[in-house]
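1. return atomic coordinates for the entry below.
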Amino acid sequence: MIFDFSPLQLTLITLIFVWSGFVRSGFGFGGAALALPLLLLVHDQTIYWMPIIAIHLMLFTSLTLRTRWRQVNWDYLRKSLLFIVPSSLVGVFGLINLPNKMLLVIIYGITLTYAVMWLVNWTIKSRRNWVDNILLIIGGYFSGTSLTGAPLLFAVFLRNVAIPQLRNTMFVVWFLICALKMSAFVAFKVEINLVTSLILVPFTAIGHIVGLKLHDHIMQNDQLFKRIIGGVLIFICIFGLWRVFA
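-> Residues are numbered from 1 along each chain as shown. Purely as a prediction, here's the structure:
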């Protein structure tokens, strides 16, 4: 229960969920991937945070898509889901069954890789369909395990979906992955933490609204934002890995 945390921890958690909402709507991806390493510094149980993040993802993506269904590339989405859904299901079972220490190493390791790439301004690019399919499979797996596959999926969708449709198409992907994840949680009797999720909704909403308003500005200066975020995440991930092995 969220009230079991100290006042300092509660403050940090609420700020992180504001950040999560901002990144998700501002960039169109990465709200979970960039918030989870921070949340794990507060409380290092991956399975505790996953249902909360999944509920928020489903809620805010559906609210955004409510009036934007026509701005989704349904044709490419159907093709990509043939690779994303099976690998995501495998990833969800990994989340439920893998030891927490291994999950922490995976999350911090993947995030550290993204952070270095963003800091040095190196982007994942694919110019061949078979490479796209591999990235979709890997991204789907990591999204199912820890919701950290967003940059891999984004790189593929960026090549195949027009920019005006990109964010909303990605939102449908996140909604479906989280729906699969939540179904598995219920089936395996994983604690959902619904009350905690609802308490944190207003804080995520603040970030979500700000991100929506600044989305166009962020996309015009995304390299600068990514370099700043990458530099900060490197220190966070190194510290997180140090805690895991200390």
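
2. check the offset of the longest helix anywhere in the chain from the chain's centre.
-> In the chain, taking DSSP state H as the definition, the longest helix is helix 194-220. Remark: helix 194-220 is offset 13 Å from the chain centroid, using C-alpha atoms, centre = their mean, to the nearest Å.

3. list the buried residues in the following helix or strand past that helix.
-> Next along the chain after helix 194-220, taking DSSP states H and E as the criterion, comes helix 222-245. If you call a residue buried by 16 or more other C-beta atoms under 10 Å, then helix 222-245 has these buried ones: F225, K226, I229, G230, L233, I234, I236, C237, G240, L241, V244. Bear in mind the C-beta positions are built from the backbone N, C-alpha and C, glycine included.

4. likewise for stretch 203-211?
-> By neighbour count with 16+ other C-beta under 10 Å, stretch 203-211 contains the buried residues F203, T204, A205, G207, H208, G211.

5. could you do stretch 42-55 as well?
-> For stretch 42-55, using 16+ other C-beta under 10 Å, the buried residues are V42, D44, T46, Y48, W49, M50, P51, I52, I53, A54, I55.

6. which of those residues lies closest to N73?
-> Checking those against N73 by C-beta to C-beta gives A54 as the nearest, at 23.4 Å.

7. give me the element that closest one is part of.
-> A54 belongs to helix 46-65, assigned by DSSP H and E.

8. next up, the contacts around I84.
-> Each residue near I84 by C-beta atoms under 8 Å, 6 or more residues apart in numbering is listed here: L136, I137, G139, G140, S143, L153, V173, I177.

9. and those residues, which is closest to L12?
-> Nearest to L12, judged by C-beta to C-beta, of the contacts of I84 is S143 at 24.8 Å.

10. nearest residue to the residue positioned nearest the centre of the chain in space, please, no chain neighbours.
-> Nearest to the geometric centre of the chain sits A32, at 3.0 Å (C-alpha atoms, centre = their mean). Ranked by C-beta to C-beta, 6 or more residues apart in numbering and with sequence neighbours excluded, the top spatial neighbour of A32 is L147, at 3.7 Å.

11. what's the answer for C237, then?
-> Leaving out its chain neighbours, C237 is closest to L112 (C-beta to C-beta, 6+ apart), at 3.8 Å.

12. now the host helix or strand of the one you found: buried residues?
-> Assigned by DSSP H and E, L112 falls within helix 100-119. For helix 100-119, burial by neighbour count (16+ other C-beta under 10 Å) applies to L103, L104, I106, I107, Y108, I110, T111, L112, Y114, A115, W118, L119.

13. go on, stretch 133-140?
-> N133, L135, L136, I137, I138, G139, G140.

14. now those in TSV, with secondary structure and distance to I192?
-> Formatted as TSV, those follow (DSSP: H, G, I helix; E, B strand; the rest coil; distance: C-beta to C-beta, whole Å):
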residue	secondary structure	distance to I192
N133	helix	33
L135	helix	31
L136	helix	28
I137	helix	28
I138	helix	28
G139	helix	25
G140	helix	23
